[in-house]
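Trainee: Provide a 3D model corresponding to the input given below.
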Amino acid sequence: MVSDILARLKALSDPKAVEGMARFGINPQNTYGVSIPNLRKIARETGINHALAQELWASGMHEARILASMIDDPSIATEEQLESWVKDFDSWDVCDQCCMNFFQKTRFAYRKAVEWSERDKEFVKRAGFAMMACLAVSDKKAGDDLFDTFFPIIKREAFDNRNYVKKAINWALRQIGKRNIDLNKKAILIAGEIQKMDSRSAKWIASDAIRELTGESVQKRLHRE
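Mentor: Alright, predicted model coming up:
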């Protein structure tokens with residue numbers, strides 16, 4: 001079955017799309033240029049399949065790994081699997097798709113968000129903050145205390161000037177700050193502290209977050225809720 005799916009992905013390949021992906025910082029190695037909507041279509045047709053997800057991931061192909069994250073079963077994922085996959089990340093989109101589609105749905109999500117934020121490897125650290133952002137959007141039942149614990153981490157790592165890390169830190173701060181009015185106030189306060197740091201990345205993270213979190217559209221929505 002894995003060979004059939006890989007053949008299907010190859011048939012959908014688009015060299016021009018690969019060139020476009022490269023311009024957006026996506027690693028063009030082992031990449032077919034298959035769109036996310038097409039991958040989601042294949043995922044729906046395939047259904048949840050843990051064993052197949054492992055084979056797709058092992059193929060090393062860019063789109064196969066994103067597809068693996070769409071069809072794997074988070075209820076049976078192990079910590080060892082998450083650690084193995086996160087070490088394989090070589091592109092921001094595979095990182096983000098795995099966090100959105102799979103990692104955040106596992107029982108390890110909050111712990112890994114914290115642990116990975118402390119790691120040095122660029123896409124592992126990005127995964128930590130991508131998880132924070134995804135959880136802020138998706139885990140509707142979580143209490144504010146879970147997200148309060150992320151603020152000191154965001155502040156601690158705001159000095160990191162690597163593009164894919166600082167953007168993920170900013171993403172996490174903005175998504176947490178859009179969850180509700182109380183977290184919005186806290187996020188703006190933390191952003192103000194970060195903005196005072198002697199760091200270009202910290203100032204960018206903070207300024208961009210403050211602009212959105214204090215903006216009219218966000219404030220109107222939060223005050224309606």
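Trainee: please identify the buried residues of the worst-scoring helix or strand of the chain on mean pLDDT?
Mentor: Using mean pLDDT, DSSP states H and E, helix 15-23 stands out as the lowest-scoring helix or strand of the chain, at a mean of 85. By neighbour count on 16 or more other C-beta atoms under 10 Å, the buried set for helix 15-23 is 17-18, 21. Using the backbone N, CA and C atoms, a C-beta is placed for each residue, glycine as well.
Trainee: reformat those residues as CSV; add distance to G60.
Mentor: Converted to CSV, the buried residues of helix 15-23 look like this (distance: C-beta to C-beta, whole Å):
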residue, distance to G60
A17, 19
V18, 16
M21, 17
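Trainee: buried ones in stretch 41-49?
Mentor: Counting neighbours by 16+ other C-beta under 10 Å, the buried set in stretch 41-49 is 42-43, 46, 49.
Trainee: and what of stretch 131-148?
Mentor: Buried residues in stretch 131-148 (16+ other C-beta under 10 Å): 131-136, 139, 147.
Trainee: pull the distance from it to the chain's centre.
Mentor: Centre-to-centre, stretch 131-148 and its host chain are 13 Å apart (C-alpha atoms, centre = their mean, to the nearest Å).
Trainee: what does that stretch rub up against?
Mentor: 99-100, 103-104, 109-110, 112-113, 116-117, 150, 153-154, 168, 171-172, 174-176, 178-180, 182-183, 186 (C-beta atoms under 8 Å, 6 or more residues apart in numbering).
Trainee: mind running it again at 7 Å?
Mentor: 99-100, 103-104, 109-110, 112-113, 150, 171-172, 175-176, 179, 182-183 (C-beta atoms under 7 Å, 6 or more residues apart in numbering).
Trainee: distance of R179 from K185?
Mentor: 11 Å (C-beta to C-beta, to the nearest Å).
Trainee: over to A7?
Mentor: 53 Å.
Trainee: now swap in G47 and tell me
Mentor: For G47, the distance to K185 - C-beta to C-beta - is 43 Å.
Trainee: returning to that earlier point: mind putting the buried residues of stretch 41-49 in TSV, pLDDT and secondary structure included?
Mentor: Shown next, in TSV, are the buried residues of stretch 41-49 (pLDDT from 0 to 100; DSSP: H, G, I helix; E, B strand; the rest coil):
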residue	pLDDT	secondary structure
I42	97	helix
A43	98	helix
T46	97	helix
N49	98	coil
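Trainee: quick check: domain ranges of the protein?
Mentor: The chain is divided into the following domains under automatic domain parsing: 1-93, 108-225.
Trainee: out of the ones you listed, deepest packed?
Mentor: For the domains of the chain, average neighbour numbers computed from mean count of other C-beta atoms under 10 Å are highest in domain 108-225, which has a mean of 18.
Trainee: thinking again about what came up before, between the domains of the chain, which gets the lowest average pLDDT?
Mentor: When the domains of the chain are compared on mean pLDDT, domain 1-93 scores lowest, with a mean of 94.
Trainee: for the least confident helix or strand of the chain, which outside residues touch it?
Mentor: 28, 31, 33.
Trainee: as CSV, the residues you listed with secondary structure would be great.
Mentor: Shown next, in CSV, are these (DSSP: H, G, I helix; E, B strand; the rest coil):
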residue, secondary structure
P28, coil
T31, coil
G33, coil
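Trainee: restricted to helices, list the buried residues of stretch 131-148.
Mentor: In this view, the buried residues of stretch 131-148 that belong to helices under DSSP state H are 131-136, 147.
Trainee: now do the contacts for M61.
Mentor: Contacts of M61 (C-beta under 7 Å, 6+ apart): 6, 9, 30.
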